[in-house]
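Q: attaching a predicted model along with its sequence, questions to come.
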Amino acid sequence: MSSAEDLSSATILVTGRVQGVYFRSFTVDNAQKLGLTGFARNLPDGRVEVFAEGKVTSIQKLIDSLHIGPALANVTDVSVEWLDPTAEYADFSIKR
């Protein structure tokens, strides 16, 4: 059983060639496998914003995968802001 201290959330901004390359679907697939909740969405400036909530270790694994991305992506930067958990989301999905 995990304690509340093990739970967190993070806003993650991914820069590079990350739109039009299935990045959001890649993120959803990975986040769901890790048991995370939240969303991935394209930003007008070309970045992808990811909000992930769950176990800290699972969020870190997701962040590690975002540094690589899907085959067609070219990730140049990943910035992370750790936050307190919100329990706002029931699942992980693409937000439009």
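A: Sure, I can see it. None of the values given here were measured: they were computed from a predicted structure. Numbering: from 1, shown residues only.
Q: so which residues of this protein form strands?
A: Using DSSP state E, the strands of the chain run over residues 7-17, 37-42, 48-55, 74-83, 92-94.
Q: quick check: mean pLDDT across the second one?
A: Along strand 37-42, the predicted confidence averages to a pLDDT of 98.
Q: hang on, the earlier thing: tell me which of the strands of the chain is the most buried.
A: Ranked by average neighbour count under the criterion mean count of other Cβ atoms under 10 Å, those are headed by strand 48-55 at a mean of 22. Bear in mind the C-beta positions are built from the backbone N, C-alpha and C, glycine included.
Q: so what touches that strand?
A: The contact list for strand 48-55 (Cβ atoms under 8 Å, 6 or more residues apart in numbering) reads 2, 6-14, 18-19, 23-24, 27, 31, 34-43, 59, 62, 66, 85-89, 92.
Q: which non-adjacent residue is nearest the spatially most central residue of the chain?
A: Residue closest to the average C-alpha location in the chain (Cα atoms, centre = their mean): Val50, at 3.9 Å. What sits nearest to Val50 in space, not counting adjacent residues and going by Cβ to Cβ, 6 or more residues apart in numbering, is Ile12, at 4.2 Å.
Q: shaky segments in this protein?
A: Filtered on pLDDT under 70, the chain yields the residue ranges 1-5.
Q: quick revisit: bridged to the residue nearest to the centre of the chain, which residues?
A: For Val50, the beta-bridge partners under DSSP bridges are Ile12, Ala40.
Q: name the nearest residue to Leu7, ignoring sequence neighbours.
A: For Leu7, the nearest residue in space outside its immediate sequence neighbours is Pro85; the separation is 4.6 Å by Cβ to Cβ, 6+ apart.
Q: fine by me, thanks again.
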